[in-house]
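Chemist: Turn this into a model:
(chains A and B)
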Amino acid sequence: KAGVTQTPRYLIKTRGQQVTLSCSPISGHRSVSWYQQTPGQGLQFLFEYFSETQRNKGNFPGRFSGRQFSNSRSEMNVSTLELGDSALYLCASSLRQSSTDTQYFGPGTRLTVL
Amino acid sequence: AQTVTQSQPEMSVQEAETVTLSCTYDTSENNYYLFWYKQPPSRQMILVIRQEAYKQQNATENRFSVNFQKAAKSFSLKISDSQLGDTAMYFCAWATSGTYKYIFGTGTRLKVLA
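Modeler: A predicted model of the protein is given here:
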């Protein structure tokens, strides 16, 4: 089975722009979660989507949004980019069949904001 | 708020030796899950081992085992017969039962020396 894939792998944007990141989960996985990884803050949960609905949300401003499609693929959007948004953005997928299935992570999208 | 603490930012171990990585967490909940993930340099994060809080028996996966002390809220990872490929950042994570919002520690950078 193919693993979690994320596109693009690298992005460079300037302040004020917006960006969309994409995540394709492992086949059969219906839940997709997004995390932001930075050297200062570590790994922080952004949100989780299941059945095209946001199920959980972390403590991030409204500039961070996401959605999930009927094929379970997910996109994350960040509007009005700030320098502090530079980070590795990881998505993780899981079956979501039991109380807490293991999450499997993708390689990440490294976003640099100039 | 739930927190996960990894008090060892960096560790090193000689090849074939045993090393233990520490993790403590703070929660008032009774049903939760604990994980150790490994993130090799420039590579994606992979699950090392998982422990259900309701299970008293410590989880093991080949050379990896945990020492789960629920009362002390401690979840350490023991790596036996360390190999060069074990060089990575190791993250401890916690999730309450029924959610897919993982709380991560700040990580321990492990270097295995030849």
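
Chemist: tell me which element the residue nearest to B:Thr99 when sequence neighbours are not counted is part of?
Modeler: Distances taken as Cβ to Cβ, 6 or more residues apart in numbering or on different chains put A:Asn56 closest to B:Thr99, at 5.9 Å, once the chain neighbours are dropped. Where you see a C-beta, it was placed from the backbone N, CA and C, and this is true even at glycine. Here A:Asn56 sits within strand A:53-57, counting by DSSP states H and E.

Chemist: By neighbour count, which bits of that strand are buried? Give me those.
Modeler: Residues of strand A:53-57 classed as buried by neighbour count (16 or more other Cβ atoms under 10 Å in any protein chain shown): A:Arg55.

Chemist: Parallel or antiparallel, list what pairs with it.
Modeler: Taking DSSP bridges as the criterion, strand A:53-57 forms sheet pairs with strand A:42-50 (antiparallel).

Chemist: Could I get the average pLDDT for the strand it pairs with?
Modeler: Across strand A:42-50, the average pLDDT comes to 94.

Chemist: same question, stretch A:63-72
Modeler: 96.

Chemist: is any part of that stretch close to chain B?
Modeler: No: applying Cβ under 8 Å from any Cβ of the partner chain, one finds stretch A:63-72 out of contact with chain B, separated by at least 12.8 Å.

Chemist: Figure out how far that stretch is from the centre of its chain.
Modeler: Offset of stretch A:63-72 from its chain centre (Cα atoms, centre = their mean, to the nearest Å): 9 Å.

Chemist: and the residue nearest to B:Thr99, what does it touch?
Modeler: By Cβ atoms under 8 Å, 6 or more residues apart in numbering or on different chains, A:Asn56 lies in contact with A:Ser33, A:Phe45, A:Phe47, A:Glu48, B:Thr99, B:Tyr100, B:Lys101.

Chemist: Contact distance from chain A - what residues of chain B qualify?
Modeler: Residues of chain B found near chain A (Cβ under 8 Å from any Cβ) are B:31-33, B:35, B:37, B:43-47, B:50, B:91, B:93, B:95-107.
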